[in-house]
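Just a sequence and a predicted model for now, questions to come.
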Amino acid sequence: MGDVAMTVPVIRAFVEQNPNVKITFVSRPFFKPFFDGIPNVSFFAVDVKKRHKGFLGLLKLYSDLKKLNIDAVADLHNVLRSQIIRILFFLSGKKVAATDKGRAEKKALTRAENKIFQPVKSMVQRHVDTFNTLGFNVDLSNPKFPEKAVLSKEIIEILGEKQNFNWIGIAPFAQYESKVYPLDLMQKVIDELALNASNKIFLFGGGNKEIELLNQFSKNKENVINLAG
């Protein structure tokens, strides 16, 4: 989700500054709402469980995308599946570019010994570089954001009115354990934030195990709300 979210400000800036270019964003159906309302952007949902599953599925995906008369491919994911699609478009004569995720620089910064303490380029800027390679200029110096969503009555019944509260959302879990902040320290973070009565903390997660842990985090705290489920 984070990888997809970091493409959104780049896509927003791109379509504003290149109004004659149409973008087809290819990803899992779950991420479609990220791009709703962005002009000149259509969303192509990949069916990774059926039609587009496995290598033969990738060939079907390429065939499906080819029908859209795509002129250039920006591979913002740069993993094996997207690389295969990118190569197929390249072999058909289309211009392609891929985001350099800077894996070597990040590894040098985070390894246990002999760290190289140098700033790494942000993923947002790396995506801009990808579009630059394709010949498009994207300037992020003056970003424009969508209007805030109007919360429904059902949501307000759960969250309460914002009034003078600071709303703080915490999603403590991740797909990879190495990305998860130690849970005992996360409990301390939540405890400290909850001491301030003007803070209202919302906890996000899913699955029985995560819900159980989130219930522990929010136990006996009126201003900590578990939104899991």
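Arrived safely, thanks for sending.

When you work out contacts or count neighbours from here on, use the C-alpha atoms and nothing else.
Noted.

how far does stretch 81-91 sit from the chain's center?
Its chain's C-alpha centre and that of stretch 81-91 lie 22 Å apart, by Cα atoms, centre = their mean, to the nearest Å.

For that stretch, which residues meet the burial criterion?
Neighbour-count burial for stretch 81-91, counted by 16 or more other Cα atoms under 10 Å, picks out Ser82, Ile84, Ile85, Arg86, Leu88, Phe89.

how about these in TSV, adding secondary structure and distance to Lys22?
TSV is the format used below for the buried residues of stretch 81-91 (DSSP: H, G, I helix; E, B strand; the rest coil; distance: Cα to Cα, whole Å):
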residue	secondary structure	distance to Lys22
Ser82	helix	20
Ile84	helix	23
Ile85	helix	19
Arg86	helix	18
Leu88	helix	21
Phe89	helix	17
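
Go through the residues you listed and name the one nearest Ala74.
Nearest to Ala74, judged by Cα to Cα, of the buried residues of stretch 81-91 is Arg86 at 8.2 Å.

Go ahead and confirm the closest one touches Lys94.
No. Using Cα atoms under 8 Å, Arg86 makes no contact with Lys94, being 9.1 Å away.

Need the residues touching each of the two.
Val73 (Cα atoms under 8 Å, 6 or more residues apart in numbering).

which residues in this protein form strands?
Using DSSP state E, the strands found in the chain span residues 23-27, 41-45, 72-75, 95-98, 166-170, 199-203, 224-226.

State the mean pLDDT of the shortest one.
Throughout strand 224-226, pLDDT has a mean value of 92.

do the same with the third one
Taken as a whole, strand 72-75 carries a mean pLDDT of 97.

Can you name the residues bridging to Asn166?
Asn199 (DSSP bridges).

ok, how many other residues are close to it?
Using other Cα atoms under 10 Å, the number of residues around Asn166 comes to 13.

which ones are touching it?
Neighbours of Asn166 in contact, by Cα under 8 Å, 6+ apart: Ser198, Asn199, Lys200.

If we use 10 Å, what do you get?
Asn196, Ala197, Ser198, Asn199, Lys200, Ile201 (Cα atoms under 10 Å, 6 or more residues apart in numbering).

what do you get for Pro172?
Residues in contact with Pro172, defined by Cα under 10 Å, 6+ apart, are 179-183, 186-187, 203-205, 210, 213-214.

Please repeat the previous calculation with a cut-off of 8 Å.
Val180, Tyr181, Leu183, Met186, Leu203, Phe204, Gly205.

Could you do Asp36 as well?
Contacts of Asp36 (Cα under 8 Å, 6+ apart): none.

Next one: it from Val8, what distance?
11 Å (Cα to Cα, to the nearest Å).

What separation is there between Leu213 and Arg81?
Counting by Cα to Cα - Leu213 and Arg81 are separated by 34 Å.

Give me the domain ranges for this structure.
Domain assignment of the chain by automatic domain parsing yields the ranges 2-133, 153-226.

right, so of those, which gets closest to Pro146?
Nearest of the domains of the chain to Pro146, taken as Cα to Cα: domain 2-133 at 8.7 Å.

Please give me every residue in contact with the spatially closest residue to Gly205 that is not a sequence neighbour.
Take Gly205 and drop its neighbours on the chain: the residue closest to it by Cα to Cα, 6 or more residues apart in numbering is Ala228, 5.0 Å away. For Ala228, the contacting residues are Leu203, Phe204, Gly205, Gly206, Ile211, Leu214, by Cα under 8 Å, 6+ apart.

surely the third one meets Ala171?
Translated: Gly205. Yes. The pair Gly205 / Ala171 is scored as a contact, 6.2 Å apart, by Cα under 8 Å.
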